[in-house]
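*Asks:* below: sequence and its predicted model.
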Amino acid sequence: MPSNQELFERAARSIPGGVNSPVRAFGSVGGTPRFIARAQGPYIHDAEGTRYIDYIGSWGPAILGHAHPEVIRAVQEAAVNGLSFGAPTEAEIDIAEALIRRIPSIEQVRLVSSGTEATMSAIRLARGFTGRSKIVKFEGCYHGHADSLLVKAGSGLLTFGNPTSAGVPPEFVAHTLVLEYNNLDAVAQAFEQHGNEIACIIVEPFAGNMNLVKAAPGFLEGLRELCTRHGAVLVFDEVMTGLRVGPQGVQGLTGVTPDLTTLAKIIGGGMPVGAFGGRADIMARIAPVGDVYQAGTLSGNPVAVAAGLTTLRLLEAPGFYEQLAIQTRKLTDGLQARAQAAGVPFCADAVGGMFGLYFRDSIPTRYAEVSQCDTQAFNRFFHGMLDHGVHFAPSAFEAGFVSATHDDGVIQHTLDAAEDVFETVRA
Ligand code: PLP
């Protein structure tokens, strides 16, 4: 049985950094990534046969726990009928209708295969619809890796201390205004200066890529009002928060309805599905009915859609989100109590099945505050927990995720481990 270290060394010879997405390489926490052999419920098992409680959940999708039997069965049944057709299917209508029923802003929706494609397409659509070029994004928000969005983008990039990416010509980001999250005055000022040039605001309505940072009361309402007043499109990037913080995403929690919404992660149930949707008059501009081009060979893939549809159905179980939120709070409250007992500056926050852990005294409201977290303390915590069989995200700038299978026993095991580990964090 090869060790994680042997696999990492072998991987690095054929794959840049040994991984297919940067944060997996443990770059900011150091050490050897665990190579996962299988996963079930709240657990992942690595190549060495070690079991971990998983708080990454595939970075969000695994809300039902890993390998839910009904999702696996749906995938198997769909696969038998063919893996991809490049032609429309009835299941695509079913998932479109399911998303329209759930997400308040969505009147029509187009499927893609990732969150990156969803945000990239939504921005092109907003620009096509308004005939304007500039876009507004917020420091610390990540919307995938489209060129124009790789400006102060969050987690992976924050982790590497590299706020932009090489390979993006300055001209490509010249139309991207980057403002401070939760700072409505800055947005109002931008609209005063460029109001009739701004195509859209794209925002993580609760940010999950600079750790968890919730929108301050009035922030989203203010964005809505400014966009309406200036004829700009408001895009909520709910790739992470959609169906994670509650059944209708942040827009359901806050009552603020954007013009367009992007989704991915949970709607694919662990398979590659993304979506962008919103007002019917805006969506009418997408090809083939409209003049904004967008396409995909594997868009609406039948196997991926089967996983997504089954996941969406299972999320409708009565009390699902209430229970998920209770378990998540048990985790964050419990961690906070144990950190306090150990004298470690630490706090935590949660919404639905999503949480943030901050090695500082108060919950951050913007990127500048997130960056004040004690990353060394986080790294000690991360490795200590890993040694105790608990796998948090390998970066102080990532949100964490709880699934429906994180029962009291799993949470208690985590808290018992944390009680020991916080002692070493303080040292
Ligand atoms: N938008 C948000 C808010 C995300 O969190 C992510 C990924 O984490 C993306 C977009 C990009 O999605 P993907 O990794 O599926 O391309």
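*Replies:* Sure thing, it's come through. Numbering: from 1, shown residues only.

*Asks:* get me the contact residues on the stretch 201-350 of the chain for the ligand.
*Replies:* 204, 208, 209, 237, 239, 240, 264, 274 (Cβ under 6 Å from any ligand atom). In this view, the C-beta of every residue, glycine as well, is placed from N, C-alpha and C.

*Asks:* check the stretch 51-200 of the chain too.
*Replies:* For the stretch 51-200 of the chain, the contact set with the ligand under Cβ under 6 Å from any ligand atom comprises 59, 114, 115, 116, 119, 142, 143, 144.

*Asks:* do that again at 8 Å, thanks
*Replies:* 59-60, 114-119, 141-145, 155 (Cβ under 8 Å from any ligand atom).

*Asks:* tell me how many other residues crowd the residue of the chain found nearest the ligand.
*Replies:* Residue nearest to the ligand within the chain (Cβ to the nearest ligand atom): residue 115, separated by 2.2 Å. Around residue 115 there are 29 other residues, counting by other Cβ atoms under 10 Å.

*Asks:* give me the low-pLDDT residue ranges for the stretch 151-300 of the chain?
*Replies:* By pLDDT under 70, the low-scoring segments of the stretch 151-300 of the chain are 153-163.

*Asks:* and residue 133, how close does it get to residue 144?
*Replies:* Using Cβ to Cβ, to the nearest Å, residue 133 is found at 19 Å from residue 144.

*Asks:* please identify which of these two sits among more neighbours.
*Replies:* A count of neighbours by other Cβ under 10 Å puts residue 144 above the other of residue 133 and residue 144, at 19 against 14.

*Asks:* tell me the phi and psi of that one?
*Replies:* With angles defined as degrees, to the nearest 10, residue 144 sits at phi 90, psi -180.

*Asks:* what score does the residue lying closest to it once chain neighbours are set aside have for pLDDT?
*Replies:* Nearest residue to residue 144, sequence neighbours excluded (Cβ to Cβ, 6 or more residues apart in numbering): residue 116, at 3.0 Å. pLDDT for residue 116: 98.

*Asks:* count residues in the vicinity of residue 116, would you?
*Replies:* If you count neighbours by other Cβ under 10 Å, residue 116 ends up with 19.

*Asks:* and if you look at residue 326?
*Replies:* For residue 326, using other Cβ under 10 Å, the count is 12.

*Asks:* can you check the one 3 residues further on too?
*Replies:* Taking other Cβ under 10 Å as the neighbour definition, residue 329 ends up with a count of 17.

*Asks:* for residue 150, see how far away it is.
*Replies:* The gap separating residue 329 from residue 150 is 34 Å, by Cβ to Cβ.

*Asks:* now residue 298
*Replies:* 24 Å.

*Asks:* show me where the stretch 1-150 of the chain has helices.
*Replies:* 4-14, 69-80, 90-102, 115-130 (DSSP state H, counting those that start in this stretch).

*Asks:* tell me the contacts of residue 359?
*Replies:* Listed by Cβ atoms under 8 Å, 6 or more residues apart in numbering, the contact set of residue 359 reads 344, 345, 346, 373, 374, 375, 377, 378, 381, 396.

*Asks:* and the pLDDT at the first one?
*Replies:* Per-residue pLDDT puts residue 344 at 97.

*Asks:* same question for the last one.
*Replies:* The score at residue 396 is 94. That number is its pLDDT.

*Asks:* quick one: the helices in the stretch 201-350 of the chain, in order.
*Replies:* Using DSSP H, counting those that start in this stretch, the helices assigned to the stretch 201-350 of the chain run over residues 219-230, 249-254, 280-283, 302-314, 320-342.

*Asks:* what's the closest of the ones you listed to residue 184?
*Replies:* Of all the helices of the stretch 201-350 of the chain, it is helix 219-230 that lies closest to residue 184, at 4.1 Å by Cβ to Cβ.

*Asks:* that closest one vs helix 115-130, what angle?
*Replies:* Between the axes of helix 219-230 and helix 115-130, defined by axes from the mean of the first three to the mean of the last three Cα atoms, to 10 degrees, the angle is 30 degrees.

*Asks:* could you pull out the buried residues of helix 219-230?
*Replies:* 219, 220, 222, 223, 224, 226, 227, 230 (16 or more other Cβ atoms under 10 Å).

*Asks:* and the fourth one, how far is that from residue 200?
*Replies:* If I follow you right, that is residue 223. Remark: distance between residue 223 and residue 200 (Cβ to Cβ) = 10 Å.

*Asks:* any common contacting residues for these two?
*Replies:* Common contacts of residue 223 and residue 200 (Cβ under 8 Å, 6+ apart): residue 234.

*Asks:* output stretch 16-25 as CSV, nothing but the C-alphas.
*Replies:* Taking C-alpha atoms only, stretch 16-25 is exported to CSV below (Å, rounded to 0.1, in the frame of the first residue of the first chain):
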residue,chain,number,x,y,z
PRO,A,16,2.2,20.3,-11.3
GLY,A,17,2.5,20.4,-7.6
GLY,A,18,1.0,16.9,-7.4
VAL,A,19,-2.5,18.2,-7.4
ASN,A,20,-5.3,19.3,-9.8
SER,A,21,-6.4,22.3,-7.7
PRO,A,22,-3.8,24.4,-5.7
VAL,A,23,-5.2,24.3,-2.2
ARG,A,24,-5.1,20.5,-2.1
ALA,A,25,-1.3,20.7,-2.0
